[in-house]
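Visitor: I would like the atomic coordinates for the input below:
(one chain, ligands or ions: 1)
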Amino acid sequence: MALPHLLYPAPAIGGFDEWVHANYQHHLAVLQALRTQTGYPFTLYSIFPAPVSDQDIATWLEEHAQQHSDMCAATGVVSTDLSSVDFKDPSQRDSWMFYHYKEHEAVAQALRLTV
Ligand SMILES: [Zn+2]
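Guide: Next up, the predicted model:
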């Protein structure tokens, strides 16, 4: 799924699940490029399927933040702390989604990814 789908989840029911899947797909593409370009076996953390409970979300945020930390460190992209956000707060959610998207975009550019 293309990068623009990562900016914000669709507001419809199931939108968050689709966003988590698109995010996962892009992380797989990044991981493949990192492994190919560096020869280093970068880790795929537990970022799919979508979290359900608040506890699952907290765990997912930690795992996903580690995924970002690794890819940003490997590509020299300045990373933001994505390990905590209240998705029920529209302001926090939109801010988090924006910074999250910008990291995917910057890493994709660094790796010359076309997806
Ligand atoms: Zn991500």
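Visitor: any low-confidence regions in this structure?
Guide: For the chain, the stretches flagged by pLDDT under 70 are 1-2, 4, 115.
Visitor: one more time with 50
Guide: The model of the chain has pLDDT under 50 over residues 1.
Visitor: tell me where it has strands.
Guide: With strands called from DSSP state E, the chain shows none.
Visitor: residue 25 - how many residues pack around it?
Guide: Residues lying near residue 25 (other C-beta atoms under 10 Å) number 16. To be clear about C-beta, it is placed using only N, CA and C from the backbone, and glycine gets the same treatment.
Visitor: which stretches of this structure form helices?
Guide: For the chain, the helices defined by DSSP state H occupy 15-38, 54-75, 90-110.
Visitor: what's the last one in contact with?
Guide: With contacts defined as C-beta atoms under 8 Å, 6 or more residues apart in numbering, helix 90-110 is touched by 3, 6-9, 23, 26, 30, 68, 71-72, 75-77, 79-80, 82, 85-87, 113, 115.
Visitor: that older thread, could you export the helices of the chain as a markdown table, including distance to residue 46?
Guide: Converted to a markdown table, the helices of the chain look like this (distance: least, C-beta to C-beta, whole Å):
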| stretch | distance to residue 46 |
| --- | --- |
| helix 15-38 | 10 |
| helix 54-75 | 5 |
| helix 90-110 | 17 |
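Visitor: so for this protein, the centremost residue is which one?
Guide: The centroid of the chain falls nearest to residue 23 when counting by C-alpha atoms, centre = their mean (5.1 Å).
Visitor: not counting residues beside it along the chain, what's closest to it?
Guide: Nearest non-adjacent residue to residue 23, counting by C-beta to C-beta, 6 or more residues apart in numbering: residue 6, 5.8 Å away.
Visitor: is it correct that that neighbour is in contact with residue 26?
Guide: Yes: in terms of C-beta atoms under 8 Å, residue 6 counts as a neighbour of residue 26; the distance is 6.2 Å.
Visitor: between the helices of the chain, which one is nearest to residue 48?
Guide: Among the helices of the chain, the nearest to residue 48 by C-beta to C-beta is helix 15-38 (4.0 Å).
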